[in-house]
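# okay, here's the prediction I keep looking at, along with the sequence it came from:
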Amino acid sequence: MQEKISTPPKGCLRLFMRAPVFFARLGFSGWERVFGLTWMLLTTTGRYSGKKRYAMVDVQLYDRNSDTYYIEAGFGHKCDWYRNIQEHPEFEAQVGRRRFRATARLLPPEKAGDIVLEYARQHKAYTWIVLRIVGVDPKQQLRELAEKGVFLAVQPIK
């Protein structure tokens with residue numbers, strides 16, 4: 001089994017993966033639902049610069065009862081947006097047209113495993129594509145990968 005997820009993409013692949021952020025900032029949010037996906041635009045404060053920083057992440061699962069969104073830091077603890085949230089715990093999130101101030105908490109590995117398995121069940125083709133992009137063999141055990149990942153529960157600040 002691969003021990004770590006590859007480093008963030010560079011060059012053309014980085015531009016391709018940043019395109020959803022660009023479109024969301026222009027006001028084109030929620031179009032991913034056509035494909036059965038939900039994305040969250042994060043606006044964090046840079047840990048060094050203090051400037052606004054933007055990232056788009058997959059919402060793995062949404063729990064209506066607790067108003068909680070479950071997301072993953074695709075490149076683990078080295079993810080810039082994740083490190084920004086550690087330094088500045090309050091941030092802005094947008095899902096579709098809904099914008100809110102939020103905080104996030106790290107999930108225990110067993111809960112992350114449950115979320116990934118449910119997401120993979122609901123989005124088989126998309127899961128395979130994303131795993132290939134980040135350099136993971138999709139045939140590996142998803143639960144084991146999830147338990148090594150960084151998953152967060154994002155909740156609006158009430």
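Alright, I've got the coordinates.
# can you confirm residue 77 is in a helix?
Yes. Counting by DSSP: H, G, I helix; E, B strand; the rest coil, residue 77 is part of a helix.
# what number of residues lie near the residue lying closest to it once chain neighbours are set aside?
Excluding the flanking residues, the one nearest residue 77 by C-beta to C-beta, 6 or more residues apart in numbering is residue 150, at 5.8 Å. No exception for glycine: its C-beta is placed from N, CA and C like everyone else's. Residues within reach of residue 150, counting by other C-beta atoms under 10 Å, total 19.
# ok, residues contacting stretch 45-55?
Defining contact as C-beta atoms under 8 Å, 6 or more residues apart in numbering, one finds that stretch 45-55 is touched by 21, 24-25, 41-44, 79-81, 83-84, 86-88, 91.
# take those residues and keep only those in strands.
Among these, DSSP state E puts 41, 42, 43, 44, 91 in strands.
# and the helices in the protein?
Along the chain, counting by DSSP state H, helices occupy 11-25, 80-87, 109-122, 124-133, 142-148.
# find the centremost residue of the protein, please.
Nearest to the geometric centre of the chain sits residue 57, at 3.1 Å (C-alpha atoms, centre = their mean).
# thinking it is in contact with residue 39, fair?
Yes. Counting by C-beta atoms under 8 Å, residue 57 does reach residue 39; the two are 6.8 Å apart.
# strand partners (parallel or antiparallel) of the biggest strand by length in the chain?
Across the chain, the longest stretch assigned as strand under DSSP E is strand 52-63. Strand pairing for strand 52-63, determined by DSSP bridges: strand 39-45 (antiparallel), strand 68-73 (antiparallel).
# what average pLDDT does the first one get?
Confidence over strand 39-45, taken as the mean pLDDT, stands at 95.
# go on, stretch 127-143?
Stretch 127-143 comes out at a mean pLDDT of 73.
# would you mark the buried spots in that stretch?
Residues of stretch 127-143 classed as buried: 127, 130, 131, 136, 142, 143 (neighbour count, 16 or more other C-beta atoms under 10 Å).
# coming back round to it: tell me which of the strands paired with strand 52-63 sits nearest to residue 106.
Nearest of the strands paired with strand 52-63 to residue 106, taken as C-beta to C-beta: strand 68-73 at 9.5 Å.
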